[in-house]
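Q: Structure, please.
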Amino acid sequence: MSEFDYIVVGAGSAGCVMANRLSEDPSNRVLLLEAGGNDLSFWLHVPVGYFKTMHNPAFDWCYLTEPDAGIANRRLQWPRGKVLGGSSALNGLLYVRGQRQDYDRWSELGNAGWSYDEVLPYFRKSEDNSRGADEFHGVGGPQKVSDLRLRRPIAEHFIKAATEIGIPLNEDYNGAEQEGVGYFQQTAYNGFRWSTAKSFLRPAKHRSNLKVETRAQATHLIMHGKRVTGVGYRRGHEAKTATARAEVILSAGAINSPQILQNSGIGDPDMLQRAGIETRHGLAGVGKNLQDHLQVRLVFKTNKRTLNDELNNPLKRMMVGMQYMLMRTGPLTLAASQVTVFTRSSKGVDRPDIQFHMQPLSADKPGEGVHPFSAFTSSVCQLRPYSRGEVVVESTDTLAYPKIYPNYLSDERDCAVAIGGIKVARKIAQAPSLRDCIIDEYVPGRKFQTDEELLEAARQYSQTIYHPTSTCKMGSDKMAVVDSQLRVHGIEGLRVVDASIMPEIVSGNTNAPTIMIAEKAADMILKK
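A: Numbering: from 1, shown residues only. Sure thing, here's the model as predicted:
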């Protein structure tokens, strides 16, 4: 069967939601295309499995940015999920929505229907929160959200230290106010990761009107004039096509969605000409407006035992495995971070502009093992960066990776926030409840003191938090790619539904907002 009502490209955080909701009506025939494979690996279901799945080509696109002057000409690895569940199958499991003002800002930019009060019902609709339902949270939805099953003393010291410098304790950063310090909630249930493949796709896969094809990489859109009528894709060495009677929905993410548009001749005509691609529809903003959260990682050696000690000891490591197998608790249930702080980088900032991810362990990067000493990590990122990058296709080879230019710290305002963030991190570390636990600042180190030196530290020791967004932004200006209904400007039968449509990145982790975007888009398409 090659003819469907809807074709969804990408079975990730948004695509699994779309496949579920569109196929709820048995009269809709839906095809879901996923470039990766099935989510059968044990490590895709253990929360801490991201140490095994990130940077692993079996599950990860393994993107690499171009050398970036803003971060000392370094190239960063950008993991993106290439498996059922997409990045929700290998992310840090952190459930964060952002701030009310983020969505009100989207609405102020001319995107009707996207204010906080209008999107909150979609957050609540998808959610099954272990704390129960209230004004801000839902129960009974497909997406499990739960409290952490692991806590360590060093995290308690960190929380108390944050309150000692004036940051309020906040047990629900997704509630009435985001500002404060507290424990993360995670997309997990009973000790297992709860990706969108598990929450949305698994309950729908038995439906006779839903077809899921894995190892199926979309290469281009099939167009008749200005209408998209289908998708071309590859399975192994075989080129295939599928026809959509109603719509094609690109849910391939902030890198792949603009890439597919550009490969199809939809984008900036000058860029397409340089790549040797015929322009089918000029749309200057495709691939532009790229935004990401850049974190500056501080690592502190401690005289208190941390998870480094447990993971470096063979006997304790075996006990960690037994604890998980028998009780579904312990370090294997670890989200990417335990504690979060939403606060301000300096006086005069009207709302939180930085976020901390505190981990009771330290490592150079996932997959390389923890450091051989007791330590914790205190990463701080700017929530609303001003710097903008782009994703660019450079040839007619539809399977070739696009070039990624993040342009980190290219705006002076971002540099100022990076400096302020490091200062706040050090202030927390020097608070009474934490300073006696710390032996030394291992990264970046006390040799960095002046503002100029702190900026240099940010350039040398920063990493992505894996939140690329906004490359097919929603709006009505000349750089907008989709309208407020997520329809591609000037093209019929085509929408983009994923994190790429965010006109501005949200103030926090991006998985929960992406699920919300898909929930709202499904109702738009089905005219609910």
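
Q: drop to CA atoms for contacts and neighbour counts, all remaining ones
A: Will do.

Q: can you list the weak-confidence ranges in the chain?
A: The model of the chain has pLDDT under 70 over residues 1, 366-367.

Q: So in it, which strand runs the longest?
A: Once the chain is assigned using DSSP state E, the strand that runs over the most residues is strand 238-250.

Q: Touching the top helix by length along the chain from outside, list them.
A: Identified as the longest helix of the chain according to DSSP state H is helix 412-429. The set of residues external to helix 412-429 that reach it, using CA atoms under 8 Å, 6 or more residues apart in numbering, is 158, 161-162, 165, 296, 298, 345-346, 354, 378, 380-382, 385-387, 409, 434-435, 438, 451, 454-455, 458.

Q: how about that helix: buried residues?
A: 414-426, 428-429 (16 or more other CA atoms under 10 Å).

Q: Does anything pack onto the helix or strand that it is followed by? Which helices or strands?
A: Per DSSP states H and E, the first helix or strand lying C-terminal to helix 412-429 is helix 432-435. If you count contacts as 3 or more CA pairs under 8 Å, 6 or more residues apart in numbering; DSSP states H and E, helix 432-435 packs onto helix 153-164.

Q: from the chain's centre, how far out does the helix it packs on sit?
A: Computed by CA atoms, centre = their mean, to the nearest Å, the separation of helix 153-164 from the middle of its chain amounts to 26 Å.

Q: Pull the next helix or strand along the chain from it out as PDB, backbone CA atoms only.
A: On the C-terminal side of helix 153-164, the nearest following helix or strand under DSSP H and E is strand 180-183. Extracted C-alpha coordinates of strand 180-183, given in PDB (Å, rounded to 0.1, in the frame of the first residue of the first chain):
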ATOM      1  CA  GLY A 180      13.900  28.500  41.900                       C
ATOM      2  CA  VAL A 181      15.800  25.400  42.800                       C
ATOM      3  CA  GLY A 182      14.500  21.800  43.100                       C
ATOM      4  CA  TYR A 183      14.600  18.300  41.800                       C
END
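
Q: which residues sit against strand 180-183?
A: By CA under 8 Å, 6+ apart, the list of residues contacting strand 180-183 reads 148, 159, 162-163, 167-173, 338-343.

Q: counting contacts, what elements does the helix or strand just after that strand pack onto?
A: Next helix or strand after strand 180-183 toward the C-terminus (DSSP H and E): strand 185-186. Helices and strands touching strand 185-186, as assessed by 3+ CA pairs under 8 Å, 6+ apart, comprise strand 143-147.

Q: that older thread, give me the buried stretch members for the longest strand of the chain, please.
A: 241-250.

Q: so how far is that strand from its chain's centroid?
A: Counting by CA atoms, centre = their mean, strand 238-250 comes out at 26 Å from the chain centroid.

Q: same check, this time on stretch 512-528
A: That offset, for stretch 512-528, works out to 17 Å (CA atoms, centre = their mean).

Q: can I get the CA coordinates of that stretch in CSV?
A: Taking Å, rounded to 0.1, in the frame of the first residue of the first chain, the C-alpha atoms of stretch 512-528 are listed here in CSV:
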residue,chain,number,x,y,z
ALA,A,512,8.0,18.4,26.6
PRO,A,513,7.3,21.5,24.4
THR,A,514,7.8,19.4,21.3
ILE,A,515,5.2,16.9,22.5
MET,A,516,2.8,19.8,23.1
ILE,A,517,3.4,21.2,19.6
ALA,A,518,2.4,17.8,18.1
GLU,A,519,-0.7,17.5,20.3
LYS,A,520,-1.9,20.9,19.2
ALA,A,521,-1.0,20.3,15.6
ALA,A,522,-3.0,17.1,15.5
ASP,A,523,-6.1,19.0,16.7
MET,A,524,-5.5,21.6,14.0
ILE,A,525,-5.3,19.0,11.3
LEU,A,526,-8.3,17.1,12.5
LYS,A,527,-10.1,20.4,13.1
LYS,A,528,-11.0,19.6,16.7
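
Q: all helices of the chain, in order?
A: According to DSSP H, the helices that the chain contains are 15-23, 50-53, 100-108, 116-126, 153-164, 196, 253-263, 269-275, 307-311, 314-327, 412-429, 432-435, 451-461, 511-526.

Q: quick one: which of the ones you listed is nearest residue 286?
A: Closest to residue 286 of these, according to CA to CA: helix 253-263, at 5.7 Å.

Q: now the closest one and strand 238-250, what's the angle there?
A: Interaxial angle of helix 253-263 relative to strand 238-250 (axes from the mean of the first three to the mean of the last three CA atoms, to 10 degrees): 120 degrees.
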